[in-house]
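Asker: Can you look at this prediction? I've put the sequence above it.
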Amino acid sequence: MVDSPRNRKKQPDVVRQALLDCATRLALEHGLAAVSLQAVASAAGVTKGGLFHHFPNKQALVKAVFDGMMESFDREIDEELEKDNGGHGTFTRAYVRTLFADRALNSSPWSAQTMTVLADPYSKNLWHKWINDRLVRHAGTDAGTRLEIVRLAADGAWLAHVLGPDGHTGSDDAAVLKELIELTRHDN
């Protein structure tokens, strides 16, 4: 929450980030339907007019939230890539580890956004562009059917996690993660 409008200096970047943080938190805690402009403005401690200064409508706000989440996901992937020894399956290992780390936290904003990605054309296009760009960038190490199957299995595990009942752990995540990672090390 930012200072009250009368007491704060003009800090548009701080206000914009507070709005995005509040919108993300509302989506995470209560689903995307809870992200109303009034709810976000109230949670951030700004007027609705202040929110409109940064985001002309809910769609623009949701797009900005999703853009921020994609940037964050991209950073997480890069962090995993730095930890990897390289070679065959480098990107796929980073992708799988990032998805499973978010599952383990059980509080990822991706949970709230998964259904949006499936239904919203902007989000779906952003996701497809991101994954295609990454696959082009890592074509030397991550081409091939086996690695695609591993990524699809990780996507399926993530979706099962999102759609599963609260508190249900399902399979042994550590064992599944270990097996998926092992599959990335073979190039045949």
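Answerer: Everything's here; your move.
Asker: what helices or strands is the strand or helix carrying residue 124 leaning on?
Answerer: Assessed by DSSP states H and E, residue 124 sits inside helix 121-137. Counting contacts by 3 or more CB pairs under 8 Å, 6 or more residues apart in numbering; DSSP states H and E, helix 121-137 packs against helix 58-83, helix 90-105, helix 109-119. Placement of C-beta: from N, CA and C, glycine included.
Asker: Which pLDDT value belongs to residue 102?
Answerer: Residue 102 carries a pLDDT value of 67.
Asker: how close does residue 28 get to residue 138?
Answerer: According to CB to CB, to the nearest Å, residue 28 and residue 138 sit 29 Å apart.
Asker: for residue 47, that is, sorry about that
Answerer: For residue 47, the distance to residue 138 (CB to CB) stands at 45 Å.
Asker: Now the helix holding residue 124: average pLDDT?
Answerer: Helix 121-137 shows a mean pLDDT of 91 in the predicted model.
Asker: Use 44 as the first number from now on
Answerer: OK, 44 is where the count begins now, so the last one is helix 164-180.
Asker: buried sites along it?
Answerer: Neighbour-count burial for helix 164-180 flags 166, 169-170, 177-178 (criterion: 16 or more other CB atoms under 10 Å).
Asker: And those, which is closest to residue 126?
Answerer: For those, the residue nearest residue 126 by CB to CB is residue 177; the value is 16.7 Å.
Asker: neighbours of the spatially closest residue to the closest one that is not a sequence neighbour, just the number please.
Answerer: Closest residue in space to residue 177, ignoring its immediate chain neighbours: residue 134 at 6.2 Å, by CB to CB, 6 or more residues apart in numbering. Residue 134 has 22 neighbouring residues, counting by other CB atoms under 10 Å.
Asker: could you point out where the protein is predicted with low confidence?
Answerer: 44-53, 145-161, 208-214, 230-231 (pLDDT under 70).
Asker: 50 instead, please
Answerer: By pLDDT under 50, the low-scoring segments of the chain are 49-50, 148.
Asker: Find out how far the helix or strand harbouring residue 221 is from the centre of the chain, if you would.
Answerer: Taking DSSP H and E as the definition, residue 221 sits inside helix 216-226. Put simply, helix 216-226 sits 21 Å off its chain's centre (CA atoms, centre = their mean, to the nearest Å).
Asker: other SSEs contacting that helix?
Answerer: Using 3+ CB pairs under 8 Å, 6+ apart, the elements in contact with helix 216-226 are helix 133-148, helix 188-206.
Asker: Please report how far residue 92 lies from residue 166.
Answerer: Distance from residue 92 to residue 166, by CB to CB: 27 Å.
Asker: picking up where we left off before, name the next helix or strand following the helix holding residue 167 along the chain.
Answerer: Assigned by DSSP H and E, the successor of helix 164-180 is helix 182-185.
Asker: Report all helices and strands that that following helix contacts.
Answerer: helix 133-148.
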